[in-house]
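**Student:** Quick one, what's the 3D model for this:
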Amino acid sequence: MPHADNKSSRPSCLLLSLHHHLSLGRLDLAVDALPLLARRGLRPDPSTLSLLLGQCLRSGSLPLARRVHLFLRLSGLKRFYPSYTPLSNHLLAFHFLRGRPSDARRLFARMPHPNLFSFNAMLAGYARLGLLRPARRLFDRMPHRDVVSWNTMIIAFARAGSFRDAVGLYSQLRRSSFGFNPHTFSGLLIACNRLRDPGLSRQVHAQVFLVGFLSNLIISSSLVDAYAKCGYLDDARKLFDEMPTRDVLAWTTLVHGYANCGDLVSARTLFDKMPERNPVSWTALIGGYTRHGHPFEALDLFQRMMSQGIRPDQFTFSSSLCACAAIASLKHGKQIHARLLRTGFNPNAIVLSSLVDMYSKCGDLTGGRWVFDLTDPGTKDTVMWNTMMSAVGQHGLGREAIGMFEEMISAHMKPDANSFVVLLTACSHSGLVAEGLQLFKSMAESHHIVPEEDHYVCLVDLLGRAGHFEEAMEWLGKTPCRSSARAWNALLGACRIHRNLQLGREVAERLLKLEPHSSAAYVLLSNIYADVGNWETVENVRRFMEEKKVRKERAASWIEVDDSVHSFGASDQLHPLKEGIYAALEQLVCQVEDDSSIT
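**Tutor:** Predicted structure coming up:
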């Protein structure tokens, strides 16, 4: 028997070592053996190389896969591997993983006997890179398909936003004999969630039930989400209650559905029952409170989240900052900003835009501009530019807003429809009629943006505030302004500013035909009469509102005192400190009456 370290035994020991490392999952050591084999003129068989490359790809180690590919090229094996299909299949996946679809196509064309795995590898590669056209061409000419082929295409189209194509493929699959697996429905439910089609969601639900996949948590949670996004919360809740087991995803999905639809009581009840919560659960409820006008509850929940050591995400910060902006609480907004800085959180454009908006609405335009100026130019998107222009415009600096728009264009940032809503509003607040008309004209001519209702409303408001009532009426006679209650409401507000009683009456009549139960027209008309001292008519309007059961929406104001934000409305009797507040007001009134220097 030869000694273990003699020359004849060393080559076989290297191969045995490579196989040993492979069996233990030590891919780095297995790949390290390849150059040693090459120096001794040894070539591992294709099955060994296929096994090694496949494990490198499954582990996600592209650097190790590159080294295996390099060995194939340098050892001269490259010209032989197309004939060994399993190795070629792994190489197809490798080429797509490194973003080289052309290399994959060339290899595929050279394969003498591609099998179903070869075609599926090509489909998966195209899908990974979003190359749907070549994927569809290949799919249509496949000699044989399996459920993996169909799933790959359904998921690819759904993820790319081609939802109808995904649904169409699913319909074809239903008529075939291939059957389904859970991945089929995971792709299809992406389309359901985005299309928000309740009929489709119910069809998928029925199919999932028939094939016995309702026990799959991901599929059941996705169905709950699909129903919730369609506004079918009763169906979503029924399915949720029928689920044998629920994970945090299922709970969060339903909380988010209730919060989105404004049913905050149900959302909070479910949230409080959750056995465990993740940052998304907290953010879903915080965002719901903020969007539906409950900023105090949103901030209270945010503080509770922080006290429990839950790490917020971008959406948590954005929603909380919006809540601060809603109640003009600069102190709370600065605290959240400080937390962002302390934790080393890297905010995205959404959070930065929320910071700019918060500072602006809290009256600190300098703070908002500071955030904007310190933001990396590459991070500033159109939304952030719009937010900063809106902030400047709200502070009556219309010309500065226009200047920022010119900066935006110079920075090669493309404006969107909302950019012009912001600019026209800024011009309206600053009385820049000529500039506003020019911007409106440039929308279609220079930026290829078709004006929408929002733009016409802003234009009518701009002309009305400036007292150009004839021009405003001309625009109101055009589509889509003619039936826009918001546009007529804007003109009615302008009539009040200029005390134009005659036109105000005409506009109010038109507005009441469009929205007979809206309180805005009655209130504005009443205020116009009050401004000219016609109190009898004011009383008639208010009496008419009572007869029609039209209620004025309760407005609220906020004031920040020390560490607390107080909310109050006209004739408020609900504030816990109301007795002290009214006593102080009475004292102030007495002082004003006694001070002869005050008229």
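
**Student:** Pull up the gap between Val224 and Met408, please.
**Tutor:** Taking CB to CB, to the nearest Å as the measure, Val224 falls 41 Å from Met408. Using the backbone N, CA and C atoms, a C-beta is placed for each residue, glycine as well.

**Student:** neighbour count winner among these two?
**Tutor:** More neighbours surround Val224 than the other of Val224 and Met408, with 27 against 20 (other CB atoms under 10 Å).

**Student:** So which elements touch whichever strand or helix holds that one?
**Tutor:** Counting by DSSP states H and E, the element that carries Val224 is helix 217-229. Using 3 or more CB pairs under 8 Å, 6 or more residues apart in numbering; DSSP states H and E, the elements in contact with helix 217-229 are helix 182-195, helix 198-211, helix 233-242, helix 248-261.

**Student:** Any idea which of those helices gets closest to Met443?
**Tutor:** Set against Met443 and scored by CB to CB, the helices and strands packed on helix 217-229 come closest in helix 182-195, at 29.0 Å.

**Student:** re the thing from before, buried ones in the helix holding Val224?
**Tutor:** Neighbour counts over helix 217-229 (16 or more other CB atoms under 10 Å) mark Ile218, Ile219, Ser220, Ser221, Ser222, Leu223, Val224, Asp225, Ala226, Tyr227, Ala228, Lys229 as buried.

**Student:** Please name the nearest non-neighbouring residue to the fifth one.
**Tutor:** By the measure of CB to CB, 6 or more residues apart in numbering, the closest residue to Ser222 outside its immediate chain neighbours is Leu189, 3.9 Å from it.

**Student:** go on, the first one?
**Tutor:** Residue nearest to Ile218 in three dimensions, not counting chain neighbours: Ser186, with 6.3 Å by CB to CB, 6+ apart.

**Student:** quick one, what contacts that neighbour?
**Tutor:** Ile155, Ile218, Ile219, Ser222 (CB atoms under 8 Å, 6 or more residues apart in numbering).

**Student:** Ser221 versus that one, what's the distance?
**Tutor:** 11 Å.

**Student:** What angle do helix 248-261 and the helix holding Val224 make with each other?
**Tutor:** 0 degrees (axes from the mean of the first three to the mean of the last three CA atoms, to 10 degrees).

**Student:** Report the mean confidence score over helix 217-229.
**Tutor:** Averaged over helix 217-229, pLDDT sits at 89.

**Student:** okay, and for the stretch 351-500 of the chain, where does confidence drop off?
**Tutor:** The model of the stretch 351-500 of the chain has pLDDT under 70 over residues 479-480.

**Student:** Can you give the domain ranges for the chain?
**Tutor:** 381-451, 457-553 (automatic domain parsing).

**Student:** Same list, those domains, but as TSV with distance to Leu131 please.
**Tutor:** As requested, the domains of the chain are exported to TSV (distance: least, CB to CB, whole Å):
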stretch	distance to Leu131
domain 381-451	26
domain 457-553	40
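
**Student:** does Thr425 really touch Gly393, like I thought?
**Tutor:** Yes. Contact between Thr425 and Gly393 holds when scored by CB atoms under 8 Å: they sit 5.8 Å apart.

**Student:** Tell me, how many residues neighbour Leu501?
**Tutor:** 16.

**Student:** didn't it look like it was pressed against Ile528?
**Tutor:** Yes. Using CB under 8 Å, Leu501 is in contact with Ile528, at 5.9 Å.

**Student:** anything in contact with each of the two?
**Tutor:** Contact with both Leu501 and Ile528 is made by residues Cys495, according to CB under 8 Å, 6+ apart.

**Student:** All the helices of the stretch 401-550 of the chain, residue numbers only.
**Tutor:** Listed in chain order, the helices of the stretch 401-550 of the chain (DSSP state H, counting those that start in this stretch) span 417-430, 433-447, 453-465, 469-476, 485-497, 501-514, 519-531, 535-547.

**Student:** I am finished for the moment; much appreciated.
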